[in-house]
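>>> Provide a 3D model corresponding to the input given below.
(one chain, ligands or ions: 1)
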Amino acid sequence: MKIQIMGIGFDNVTMDEALSRASDLLASPEPSYCVTPNSEIVYVAMEDEKLRDILNSADLVLPDGGGVVLASRILKTPLKQKVAGVDFAAELLGILAREKKTLYLLGAKPGIAELAAQKMLLLQPELQICGMHDGYFKEDREVLDLINAQAPDVLFVCLGAPRQERFMSEHLHDLKVRLMIGLGGSLDSFAGTVKRAPKWMIRLNLEWLYRLIKEPRRFGRMLRLPKFLFAVIQKRLHGGRT
Ligand code: UDP
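Predicted coordinates:
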């Protein structure tokens, strides 16, 4: 079942349900893509119809941030839980290793995907990583050819939002991939070059504050969170735009 939050239909799933949906998508002959929007991106999509369509056309839409879950509660249509993209990806590695599915890593600065792959293999020694490429390419064509040469089951697309969502939607049918997942800065997180917040901060939904302290340049982008919540409260009070 989808829950509408400011124009985006989120899948109301627990982590386990999200993983089971991913397994189903992997078993299907049709190519598919999964998005993991946080409130910043939902806020951008409120003014960008094309991006909204791309997000709503995804086969799986997971609530990446606490802001989205909070919005769902304010709107009285609570989501079961936050399913952070990076946690979802980490859990999925186990399934891929068990089912002998191949994984290709796309995105982040040169060298980061290699480092992330090493860390992933420490977590899941049986994992089959069949290729990787950094996210700083000009022409998509060359990268598409490299990915297609490997025809991976799963592609982690970590180009930052909204570039990764546009990439997945545009190339859904010219890539020989079963399931693509847009995962923002997750490769940096796996590689350990960008640390995640301590567990207590994640639990208190303060991961955004940790990132702000670590990367103050994100301040402008992060202002979208209070603006988003303001729009959500307005909607709750006055109705109107979904
Ligand atoms: N990135 C990329 N190509 C680009 C721009 C960004 O591969 O042209 C990568 C960047 O190196 C980082 C990720 O995309 O690994 C975006 O991370 P960020 O934390 O900004 O994204 P979020 O998770 O907040 O969407």
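>>> all contacts plus neighbour counts: C-alpha atoms, from now on.
Will do.
>>> interface residues of this structure facing the ligand?
Counting by C-alpha under 6 Å from any ligand atom, the positions of the chain adjacent to the ligand are Gly107, Ala108, Lys109, Gly135, Tyr136, Cys158, Leu159, Gly160, Ala161, Gly184, Gly185, Asp188.
>>> Buried among those? Make that a PyMOL selection.
Selection of buried members from those for PyMOL, criterion 16 or more other C-alpha atoms under 10 Å:
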select buried, resi 107+108+135+158+159+160+161+184+185+188
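>>> Enumerate the positions of stretch 166-186 that are buried.
Result for stretch 166-186 [16+ other C-alpha under 10 Å]: buried residues 166-169, 172, 175-186.
>>> Same list, the residues of the chain next to the ligand, but as a markdown table with secondary structure and distance to Asn56 please.
Conversion of these to a markdown table gives the following (DSSP: H, G, I helix; E, B strand; the rest coil; distance: C-alpha to C-alpha, whole Å):
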| residue | secondary structure | distance to Asn56 |
| --- | --- | --- |
| Gly107 | strand | 23 |
| Ala108 | coil | 25 |
| Lys109 | coil | 28 |
| Gly135 | coil | 24 |
| Tyr136 | coil | 26 |
| Cys158 | strand | 19 |
| Leu159 | coil | 19 |
| Gly160 | coil | 18 |
| Ala161 | coil | 15 |
| Gly184 | coil | 18 |
| Gly185 | coil | 21 |
| Asp188 | helix | 26 |
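>>> Pick the one among the residues of the chain next to the ligand closest to Ile41.
Nearest to Ile41 among those: Ala161, at 7.2 Å, using C-alpha to C-alpha.
>>> check contacts around that closest one.
Ile41, Gly184 (C-alpha atoms under 8 Å, 6 or more residues apart in numbering).
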